[in-house]
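# got a structure for you, letters missing:
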């Protein structure tokens, strides 16, 4: 086990001990994403192992204060003794596939947890650049519109030029992906951790219709 994986394992074990009681959590799950950064974290993201149907934590156990605080199609967020735990329906068959699918390199890290124990660790090559040099960049996404909305969270890690270059990359991916309908367009907003306000939805609707009209005009 290399030094990065050793640090990641210690971090995961600390999060499990203090924030993810075994009695509450599923018997197996992936823990992945921004919770492995050194600074104070806002939430912990967990993902299903072995099936694509998602899961919930159990919410009525003696000694555990677990409250459902947010619910959408793809994520249920619980406050467990003060820590936000996001149970995500986003599914990949392996830990490696899950981690490599994340849109920014500083999030491309995760572990497999079985019965409260870390059984597997994975980080991408791109993550090593963040770990060693603090370098942050967009790596591609199945949900580029969601990535555009998330990108501002990471601006503090980037120079103005790096931020601009990533914005262009994301906008290019949005155009390449395209949208078959307004429903398909809005599916981008089912990505986790966007933090957009209700009024943003109307603005995004305006963007969709403007793009649609432009596409129709171009035949």
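The structure has been received and is ready for your questions. Since we're looking at a predicted model, the values are computed, not measured.
# What residue, apart from its backbone neighbours, is nearest residue 12 spatially?
Leaving aside its sequence neighbours, residue 12 sits nearest to residue 111 (C-beta to C-beta, 6 or more residues apart in numbering; 4.5 Å). Placement of C-beta: from N, CA and C, glycine included.
# Adjacent strands (with direction) for the host helix or strand of that neighbour?
Using DSSP states H and E, residue 111 maps to strand 109-114. Its sheet considered, strand 109-114 pairs with strand 28-32 (antiparallel), strand 117-123 (antiparallel) by DSSP bridges.
# residues near residue 209, how many?
When neighbours are defined as other C-beta atoms under 10 Å, residue 209 has 12 of them.
# Buried residues, stretch 66-75. List them.
66, 74, 75 (16 or more other C-beta atoms under 10 Å).
# out of those residues, which are inside strands?
66, 75 (DSSP state E).
# Take the buried residues of stretch 66-75 and lay them out in JSON lines including distance to residue 173 and pLDDT.
As requested, the buried residues of stretch 66-75 are exported to JSON lines (distance: C-beta to C-beta, whole Å; pLDDT from 0 to 100):
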{"residue": "66", "distance to residue 173": "37", "pLDDT": "75"}
{"residue": "74", "distance to residue 173": "19", "pLDDT": "75"}
{"residue": "75", "distance to residue 173": "22", "pLDDT": "80"}
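# just the buried residues of stretch 66-75 now: which is nearest residue 180?
Nearest to residue 180 among the buried residues of stretch 66-75: residue 74, at 18.9 Å, using C-beta to C-beta.
# so how far is residue 27 from that closest one?
Distance, residue 74 to residue 27, by C-beta to C-beta, to the nearest Å: 22 Å.
# got it, and residue 152?
Per C-beta to C-beta, residue 152 is found 36 Å from residue 27.
# same thing with residue 119?
For residue 119, the distance to residue 27 equals 12 Å [C-beta to C-beta].
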